[in-house]
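Novice: Sequence plus predicted model, see below.
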Amino acid sequence: MSVLLSFIALPLGILITLKYFGIYNISAILPLDITLIGALFLIAMQIFSYITIHSYNKGITFMGRLIKTILAIPGILYTVNIFYPLNLGINLEIIIALFLFTEGIYGLH
């Protein structure tokens, strides 16, 4: 299942990167915000990973919880920023794209 999620995360990260740099915007084809889809997918991927690690290993370490939380923070902030505008000094699009891309690469090994 994690390989399937990795196959989804890789092109999603690439599409968000292309949108961020203004090379290609998929919004002409897909009416939804691709970055919001990526943020929600990043959150769901971390929750799924947390659950699978917890069930297979009969528990999870503090460091494992911390890593999963840190990886989900950009997605959570982007989602909260849509419904409750925050004044962030960083652009979360590229961070979400990089996290999705690296999670996709990591899941394929």
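Specialist: Great, that's in hand.

Novice: Quick test: name the residue nearest the centre of this protein.
Specialist: L42 (2.5 Å; Cα atoms, centre = their mean).

Novice: Who are the contact partners of that one?
Specialist: Neighbouring residues of L42 by Cβ atoms under 8 Å, 6 or more residues apart in numbering: 9, 71-72, 74-75, 96, 99-100, 103. Yep, even glycine has a C-beta here, placed from its N, CA and C like the rest.

Novice: Dump those residues to JSON lines, plus distance to I82 and pLDDT.
Specialist: Output for the contacts of L42, formatted as JSON lines (distance: Cβ to Cβ, whole Å; pLDDT from 0 to 100):
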{"residue": "A9", "distance to I82": "20", "pLDDT": "94"}
{"residue": "L71", "distance to I82": "19", "pLDDT": "91"}
{"residue": "A72", "distance to I82": "16", "pLDDT": "93"}
{"residue": "P74", "distance to I82": "13", "pLDDT": "94"}
{"residue": "G75", "distance to I82": "11", "pLDDT": "94"}
{"residue": "I96", "distance to I82": "13", "pLDDT": "96"}
{"residue": "F99", "distance to I82": "18", "pLDDT": "94"}
{"residue": "L100", "distance to I82": "17", "pLDDT": "95"}
{"residue": "E103", "distance to I82": "21", "pLDDT": "90"}
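
Novice: If any of those residues are buried, put those into a ChimeraX selection.
Specialist: A single ChimeraX command selects the buried members of the contacts of L42 (16 or more other Cβ atoms under 10 Å):
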select :9,71,72,74,75,96,99,100,103
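
Novice: still on that earlier bit, model confidence score at the residue nearest to the centre of the chain, please.
Specialist: For L42, the pLDDT comes out at 94.

Novice: what's the answer for L36, then?
Specialist: If you check L36, the pLDDT there is 93.

Novice: now T61
Specialist: pLDDT recorded at T61 is 81.

Novice: neighbours around it, how many?
Specialist: Neighbours of T61 under the rule other Cβ atoms under 10 Å: 10.

Novice: same question, G38
Specialist: With neighbours defined by other Cβ under 10 Å, the count for G38 comes to 26.

Novice: Then I82?
Specialist: 12.
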